[in-house]
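> sequence first, predicted model second:
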Amino acid sequence: MQIFSKRNKDILIITLEGELDHHHAKGVRQALDRMLEDTSIRYLVLDLSGLCFMDSSGIGVFIGRYKVIKKRDGQTCIAGVNSQLDKILEVSGLYNILKAYDNVEEAINGIRGVA
Amino acid sequence: MQIFSKRNKDILIITLEGELDHHHAKGVRQALDRMLEDTSIRYLVLDLSGLCFMDSSGIGVFIGRYKVIKKRDGQTCIAGVNSQLDKILEVSGLYNILKAYDNVEEAINGIRGVA
Amino acid sequence: MMDKRNEMRLQFLSKSQNESFARAAVAAFAAQLDPTLEEIADIKTAVSEAVTNAIIHGYERADQFVEIITRVYNYSVVIEVIDQGKGIDDVELARQPLYTSKPELERSGMGFTVMETFMDSIEVATGPGQGTKIKMTKHIKNNEGEMGKS
Amino acid sequence: MMDKRNEMRLQFLSKSQNESFARAAVAAFAAQLDPTLEEIADIKTAVSEAVTNAIIHGYERADQFVEIITRVYNYSVVIEVIDQGKGIDDVELARQPLYTSKPELERSGMGFTVMETFMDSIEVATGPGQGTKIKMTKHIKNNEGEMGKS
Ligand SMILES: Nc1ncnc2c1ncn2[C@@H]1O[C@H](COP(=O)(O)OP(=O)(O)O)[C@@H](O)[C@H]1O
Ligand SMILES: Nc1ncnc2c1ncn2[C@@H]1O[C@H](COP(=O)(O)OP(=O)(O)O)[C@@H](O)[C@H]1O
């Protein structure tokens, strides 16, 4: 499991690579929460295009970060969802609370209200 | 396990792809013996560059075909040996009876006495 | 056609790093039925849920054994994930979407729902202090012998 | 450093198509020690030899169970391959390079030699009618904690 981060003004872009299961969930949660201590971050974009496996432990991680961002009146988005992920995101109702984009660029444009 | 064959006059060139273990050895042996029924074949070149695993079951297959070809005063060669294969061929003494070439082209040149 | 019946049993320590090993091993065994990539992903996900539950809910410690029995038949794979842990009091409640007894671990309560959605059937045998056995079945529509199927 | 001790036990039917599954499962479990590609290939080859022997020499039929116990320690992996088959009469003879009791199957008689060469040590526990247990150890020189090693 690898975590990469990028900043674009008040947007934090996180790229997750590898397998997000219970074993790796704690590390991802801690890494994200450390970055989110910076309260100037209002938007979180999770780039999942490099995630080759995820189970419901990942759902828990996403919902947890969604709640943190929501308290700031911000928004959490996901980008680059493949078909295994699509199925579990669908089943768990995550599309109801997280906006999904094809890729990070479109997510940023969506947040900025471009296009 | 996949087996591909090519003819170059009295040379039969066999390409093995996949994992050559006991489970697959019988099929490979039968396929080769069927082709070797053609007694105009005097030289056998085994291209192992696509073989990603082999255990001592493969050694048995190679020795068996070597014996068939030897009765015809022919020659058996191997080509494209990777490092896992190199180790097991070395240990089992196969380099003492089979000539090894970097690739099929060099094997054919070697047999034809070119270069 | 060839008889594909086959069986493996696997026991491993209830350490979280074995979750990925467990799903990889079951997937490697199920591969003999020539499942699609989607079917393999479904199986891995369901196994991951059941194994994670055994580790965090069943045992709560890392020195016990989780067992997985995998049987393949000509058109299906049956997987049992078994722990000798604390068992489930109220199975009906446990199977509700979003119900979790460990919200402090940020569990989503979606494990059973995922298993039910990704597999064709699931049975739960459990009881307080009696451990838990999850039995899941998935049909595999392989190419060979397709004519015999509806 | 993190304690890497871990254990898995695997039983599978004595069918030849399980040979590839068995070596893949052991390799996947040993992967937690961060072995090199060569070390993984060595382990797979040795496991393949021992499992094949259990299937063709130990059992001679496909409905019995072969067992593999794999334990990882901080710097080594210990693998036991166990069958309840017919056992070996003369172990010293059996371990000779080129000796095989099944030349009609084109066995090369190199299985034990390969196991000995590819692993750091091998012990054989067997007897006529008592099955066979092959215990193999391989040291893994992983990166972490390298300073503590010679
Ligand atoms: N193997 C098990 N042993 C004990 N309790 C379990 C087991 N599996 C599930 N449970 C109980 O069922 C609940 C729901 O499980 P699940 O739907 O997988 O959600 P989650 O794992 O996110 O809590 C768990 O919170 C737990 O209380
Ligand atoms: N698990 C086993 N059960 C019974 N006999 C065995 C077992 N493993 C090895 N043997 C005996 O030892 C001999 C040598 O084994 P090995 O070196 O692996 O060569 P091969 O498998 O090519 O015969 C076998 O031919 C067989 O007689």
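Sure, I can see it. Ligands and ions are numbered 1, 2, ... in the order given.

> when you work out contacts or count neighbours from here on, use the C-alpha atoms and nothing else.
OK.

> looking at chain A, which residue is nearest ligand 2?
Nearest residue of chain A to ligand 2 (Cα to the nearest ligand atom) works out as A:His23 at 37.0 Å.

> touching, that residue and C:Ser16? I think so.
Yes - using Cα atoms under 8 Å, A:His23 is in contact with C:Ser16, at 5.0 Å.

> can you check which residues contact both of the two?
In terms of Cα atoms under 8 Å, 6 or more residues apart in numbering or on different chains, A:His23 and C:Ser16 are not both contacted by any residue.

> what strand or helix carries A:Arg65?
Taking DSSP states H and E as the criterion, A:Arg65 maps to helix A:56-71.

> now C:Lys135: how far from chain A?
Distance, C:Lys135 to chain A, using Cα to the nearest Cα, to the nearest Å: 18 Å.

> where does that residue land on pLDDT?
Confidence at C:Lys135, expressed as pLDDT, is 98.

> any idea what the residue nearest to the spatial centre of chain A is bridged to?
Centre of chain A computed as the mean C-alpha position; nearest residue by Cα atoms, centre = their mean is A:Leu46, 2.7 Å away. Beta-bridge partners recorded for A:Leu46 (DSSP bridges): A:Ile14, A:Ile78.

> so it makes contact with A:Glu17?
No - if you go by Cα under 8 Å, A:Leu46 and A:Glu17 don't touch, sitting 10.9 Å apart.

> show residues contacting the helix holding A:Arg65.
Applying Cα under 8 Å, 6+ apart, the external contacts of helix A:56-71 come out as A:20-22, A:25, A:28-29, A:32-33, A:42-44, A:75-76, A:88-89, A:92, A:94, A:98, C:49, C:106-111, C:114.

> for it, buried residues please.
A:56-66, A:68-69 (16 or more other Cα atoms under 10 Å in any protein chain shown).

> widest-spaced pair of those?
A:Ser56 and A:Ile69 (20.2 Å; Cα to Cα).

> so which residues of chain C form strands?
C:6-13, C:65-72, C:76-83, C:121-126, C:132-139 (DSSP state E).

> format these as TSV; extra columns: mean neighbour count.
Formatted as TSV, the strands of chain C follow (neighbours: other Cα atoms under 10 Å in any protein chain shown):
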stretch	mean neighbour count
strand C:6-13	22
strand C:65-72	23
strand C:76-83	23
strand C:121-126	16
strand C:132-139	21
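
> pretty sure A:Ser5 is touching A:Ile14, no?
Yes - counting by Cα under 8 Å, A:Ser5 does reach A:Ile14; the two are 4.6 Å apart.

> pLDDT score assigned to the residue of chain C at minimum distance from chain B?
Of chain C, the residue with the smallest distance to chain B, taken as Cα to the nearest Cα, is C:Gln32 at 13.2 Å. In this model, C:Gln32 is scored at 94, pLDDT.

> check whether stretch C:106-122 contacts chain A.
Yes - using Cα under 8 Å from any Cα of the partner chain, stretch C:106-122 comes into contact with chain A via C:Glu106, C:Arg107, C:Ser108, C:Gly109, C:Met110, C:Gly111, C:Thr113, C:Val114, C:Thr117.

> starting at the chain centroid, how far to that stretch?
With Cα atoms, centre = their mean, to the nearest Å as the basis, stretch C:106-122 stands 10 Å off its chain's centre.

> apart from its chain neighbours, what residue comes closest to the residue most central in space within chain C?
Centroid-nearest residue in chain C, with Cα atoms, centre = their mean: C:Val47, separated by 3.4 Å. Ranked by Cα to Cα, 6 or more residues apart in numbering or on different chains and with sequence neighbours excluded, the top spatial neighbour of C:Val47 is C:Arg23, at 5.8 Å.

> show me what contacts the nearest residue to C:Asn74 once chain neighbours are set aside?
In space, and not counting its chain neighbours, C:Asn74 is closest to C:Lys4: 5.2 Å by Cα to Cα, 6+ apart. Counting by Cα under 8 Å, 6+ apart, C:Lys4 makes contact with C:Leu33, C:Val72, C:Tyr73, C:Asn74.

> next one: A:Ala79
A:Val45, A:Leu46, A:Asp47, A:Leu48, A:Ser49, A:Ala100, A:Tyr101, A:Asp102, A:Asn103, A:Val104, A:Ala107.

> and residue 111, how many neighbours does it have?
No chain in the question, so chain A it is. If you count neighbours by other Cα atoms under 10 Å in any protein chain shown, A:Ile111 ends up with 18.

> ah, no, chain C please
Number of residues near C:Gly111 (other Cα under 10 Å) recorded here: 29.

> and the gap between it and C:Ala62?
20 Å (Cα to Cα, to the nearest Å).

> and C:Asn74, by the same measure?
36 Å.

> repeat for C:Val114
24 Å.

> check A:Leu44 too.
For A:Leu44, the distance to C:Ala62 - Cα to Cα - is 34 Å.

> over to A:Gln2?
From A:Gln2 to C:Ala62 the distance is 24 Å (Cα to Cα).

> cool, A:Ile13 as well?
35 Å.
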